[in-house]
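S.K.: sequence unavailable; structure follows:
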């Protein structure tokens, strides 16, 4: 069982930056892949980025490459999402999710994840 807690959301002006954190319980967190998703009001949950289990690679939605960076610190059981040059249309609740690292399900689909945090609100003002 893995429990996830997001933090770091808030209100930021367009062009600003935020760093989200996803803190996890469990001694085997390094063996899990972790993804970030976001959901705006009235819209479907969409993939943002993912990082594979320790030593693995990263995946991003194409439109965010170069502005968002996902990383992990396994010693702290934490995954980060650095978001730069934020845009108002990126206002959403951001969720982190985890799944066993051996899973072969598509890493960019929310149905591929077993554990979810409660989400953190990110609001980008124009």
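M.R.: Structure's in. What do you need? Because the structure is a prediction, the values reported are computed rather than measured. Numbers count the residues shown, from 1 in each chain.

S.K.: find the residue at the geometric middle of this structure.
M.R.: Centre of the chain computed as the mean C-alpha position; nearest residue by C-alpha atoms, centre = their mean is residue 36, 2.1 Å away.

S.K.: that one contacts residue 94, correct?
M.R.: Yes: with contacts counted by C-beta atoms under 8 Å, residue 36 reaches residue 94, the gap being 6.2 Å. The way it works is simple: take the backbone N, C-alpha and C, and place the C-beta from them, glycine included.

S.K.: anything in contact with each of these two?
M.R.: Among the neighbours of residue 36, those also in contact with residue 94 (C-beta atoms under 8 Å, 6 or more residues apart in numbering) are 20, 48, 81.

S.K.: dump those residues into a markdown table; add secondary structure, distance to residue 11 and neighbour count as well.
M.R.: Shown next, in a markdown table, are these (DSSP: H, G, I helix; E, B strand; the rest coil; distance: C-beta to C-beta, whole Å; neighbours: other C-beta atoms under 10 Å):
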| residue | secondary structure | distance to residue 11 | neighbour count |
| --- | --- | --- | --- |
| 20 | strand | 14 | 24 |
| 48 | strand | 19 | 25 |
| 81 | strand | 17 | 27 |
